[in-house]
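[1] any chance you could fold what I've pasted below:
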Amino acid sequence: AADKINLIPQDLFAELCEQIIQQLNHKIPGVNTAELCQRMQTSGIEMNIGDLAKIASILSFLFSTAARNNLSTEELITTLGSTVSTLPKHALQVIRHVWNEQGKSIAVSQDARNMATVGQFVDMKWKLGVAMSSDTCRSLKYPYVTVTLTMADPSGQITDKSFEMTIPQFKNFFRQFKEMASVLETV
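    Predicted structure coming up:
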């Protein structure tokens, strides 16, 4: 991972670290590795989303462990320097700066550590479409609903999940949401 971290410019590495701190503080649901990876590729850096997700997981583990152990900036950097000798100097500088500025804000309460590791809903988009024809049928005129859910998994990686439903499936989906809403109103 250190060789891949070396490819990341200091400003984007700092942004990645800050997003991880925000995610650990529950201010954002996750780290948008897809968007960061695309920005890196646009600027000519060879990075794939899987490698960036691994780096984000490593940094998240680093920051959450440092918070759990209540490490000072110097203790964190000393520990990193003695165990991870291959980390680029610019990465250590960014980690030092981000931890010094925002590290103490990480809320690692006992309840947060004991929470179940489930994903978090971020956003939902939908569209209504009509299939006009196919190679086997000239005139379908078949309506469908496409739903895209944006989710943050427990590690904070943001992903989109899309699916299509027929109109009867959508009506059942909607009915179930109405049931959930009515149950929530009783709470």
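[2] can you tell me the helix or strand for residue 65?
    Assigned by DSSP states H and E, residue 65 belongs to helix 49-68.
[3] can you pull out the helices in the protein?
    2-7, 10-24, 33-42, 49-68, 73-83, 89-102, 110-114, 167-186 (DSSP state H).
[4] how many other residues sit next to residue 89?
    Number of residues near residue 89 (other CB atoms under 10 Å) recorded here: 9. For glycine as for every other residue, the C-beta is placed from the backbone atoms N, C-alpha and C.
[5] give me the pLDDT for it.
    On pLDDT, residue 89 comes in at 84.
[6] over to residue 150?
    Looking at residue 150, its pLDDT stands at 88.
[7] could you pull up the residues touching it?
    121-125, 158-160 (CB atoms under 8 Å, 6 or more residues apart in numbering).
[8] residues contacting residue 106?
    By CB under 8 Å, 6+ apart, the residues touching residue 106 are 21, 24-25, 63-64, 67.
[9] of those, buried ones?
    21, 24, 63-64, 67 (16 or more other CB atoms under 10 Å).
[10] roughly how far does the residue positioned nearest the centre of the chain sit from residue 13?
    Central residue of the chain (CA atoms, centre = their mean): residue 157, 2.5 Å from the mean position. Using CB to CB, to the nearest Å, residue 157 is found at 17 Å from residue 13.
[11] same question, residue 173
    Residue 173 is 41 Å from residue 13, by CB to CB.
[12] what pLDDT does the residue in the chain sticking out farthest from the centre get?
    What lies farthest from the middle of the chain is residue 138; by CA atoms, centre = their mean that is 42.6 Å. Residue 138 is assigned 72 on the pLDDT scale.
[13] thank you, goodbye.
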